[in-house]
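Peer 1: no sequence on this one, just coordinates:
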Ligand code: CS2
């Protein structure tokens, strides 16, 4: 039997405490993968449990029908399995109402964005989903293609304007440096090229707050689904597995109403930058280093790599001596304590977080995770042994027979193969645009 709104659940599973049938959808979320379901959807479910109303989520996948097939037959319901050394906890999330697939029904997506009840359009489309060229500008050809978020946003906003509705908040929840500002700039480039009559309305009516989003969410496996089935007594195809830790820091700059996420643990602040920079350079920087160095040493999982006495000191140094000094901490932000907490989170043996999952899309991740730190030290005449080891491990990975999942895979492999790999990857006109140049 499949999980649905009719399924009786064990009393140990926390269920939504609000009437799901009566909630309007206030949020359209583009890129409804495991991360969103374990993070923003949980905060939103919590906010409705705490009394907020009409923040149902309409999820959307740009291309793949997988999540729609998992959730729509379950009335949008799914469970979150939280795993720590102490054990696991299961909770039912009710915030998601349905999932649309843009490739199948583009008009339904535009209508959802244009609905009067929608106030927020949020995104987890991964780094490559923003369709940037290596110099950071919008790839205008890709942005009119079928997998472009910009097309849908522009069409939805045009319909809002035509109907005399207010704008929306566009909330990027991806691991980009300055994610809100990047989204705003790219959206403007799109409008200037393809819908210039909407530019001024967009500027006046829509905001793009920056966010720092953090929760480790490994890809769900068949074994995870079987475990949860044994606990629930029914099959949940949409289950997501995650850690107990969760953090969300949001720039308080919304175009209209929003859930009171601050009631349920999110931090609404004036400036997200110190948190976001620390997260990208320390957590994600260490993660990517663990991925390439760990795979090179024959490990498969994050907790195995961080337990390796040859790797752990490198990661420790990367966070404390290389990344942390580059961060202009906010008052009360303790970077040493942050590094301690990250080492514990990486060591969580209950989360089977695969290194190969983190290794994907290196070309899109490495600039904000490693190269900004390297550039900061370079101008001060300092070197970064751990990050240099990480770069060497990335090149070794590109030369190995591991499958390379990256939009630039073919070019990266070719560039990495020769003796001038560093130059072809990071030099002037190289594949990876950055302020940092190899010595
Ligand atoms: C990871 C992130 O896959 C990756 O690249 O570094 O997904 C990481 O687990 C999250 O950003 C944690 O918040």
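Peer 2: Received, thanks. Just so it is clear, the structure is predicted and the values come from calculations on it, not from any experiment.
Peer 1: so who does residue 362 touch?
Peer 2: 288, 292, 394, 397, 398, 406, 412 (C-beta atoms under 8 Å, 6 or more residues apart in numbering). Every C-beta, even on glycine, is put in place using the N, C-alpha and C of the backbone.
Peer 1: 6 Å instead, please
Peer 2: By C-beta atoms under 6 Å, 6 or more residues apart in numbering, the residues touching residue 362 are 394, 406.
Peer 1: just residue 319 next, same as before
Peer 2: Counting by C-beta under 6 Å, 6+ apart, residue 319 has contacts 282, 286, 339.
Peer 1: Reduced to three states, what does the closest residue in space to the last one that isn't next to it in sequence come out as?
Peer 2: Nearest in space to residue 339, with sequence neighbours left out and distances taken as C-beta to C-beta, 6 or more residues apart in numbering, is residue 319 at 4.3 Å. Recorded secondary structure, residue 319: helix (DSSP: H, G, I helix; E, B strand; the rest coil).
Peer 1: what does residue 432 give?
Peer 2: Secondary structure assignment for residue 432 (three-state DSSP): coil.
Peer 1: Kindly report the same for the one 4 residues further on.
Peer 2: Taken by three-state DSSP, the conformation at residue 436 corresponds to coil.
Peer 1: Contacts only, for it.
Peer 2: 371, 374, 375.
Peer 1: Dump those residues into TSV; add neighbour count and secondary structure as well.
Peer 2: What follows is the contacts of residue 436, written out as TSV (neighbours: other C-beta atoms under 10 Å; DSSP: H, G, I helix; E, B strand; the rest coil):
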residue	neighbour count	secondary structure
371	21	helix
374	24	helix
375	15	helix
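Peer 1: Between the residues you listed, which sits nearest the ligand?
Peer 2: Nearest to the ligand among the contacts of residue 436 is residue 371, at 15.2 Å by C-beta to the nearest ligand atom.
Peer 1: Might one say that the closest one is in contact with residue 434?
Peer 2: Yes - Residue 371 lies in contact with residue 434 (C-beta atoms under 6 Å); the separation is 4.0 Å.
Peer 1: gap between residue 24 and residue 115?
Peer 2: Going from residue 24 to residue 115 by C-beta to C-beta, to the nearest Å gives 8 Å.
Peer 1: So between those two, which is more surrounded?
Peer 2: Set residue 24 next to residue 115 and count neighbours by other C-beta atoms under 10 Å: residue 115 wins out with 19 against 14.
Peer 1: The more buried one - nearest residue in space that isn't next to it in sequence?
Peer 2: The shortest distance from residue 115 to any non-neighbouring residue, by C-beta to C-beta, 6+ apart, is to residue 25 (7.2 Å).
Peer 1: residues contacting that neighbour?
Peer 2: 56, 58, 97.
Peer 1: Out of those residues, which comes closest to the ligand?
Peer 2: Once C-beta to the nearest ligand atom is applied, the member of the contacts of residue 25 that ends up nearest the ligand is residue 58, at 23.7 Å.
Peer 1: SS state for the closest one?
Peer 2: What three-state DSSP gives for residue 58 is strand.
Peer 1: hang on, it packs against residue 28?
Peer 2: Yes - shown here, residue 58 and residue 28 form a contact pair, counting by C-beta under 6 Å, at 5.0 Å.
Peer 1: Let's see the pLDDT reported for the residue nearest to residue 49 when sequence neighbours are not counted.
Peer 2: Taking C-beta to C-beta, 6+ apart, and ignoring the residues beside it in sequence, residue 49 has residue 17 as its nearest neighbour in space, at 4.5 Å. Looking at residue 17, its pLDDT is 97.
Peer 1: Could you verify my assumption that residue 17 touches residue 50?
Peer 2: No - contact criterion C-beta under 6 Å: residue 17 and residue 50 do not qualify, at 8.8 Å.
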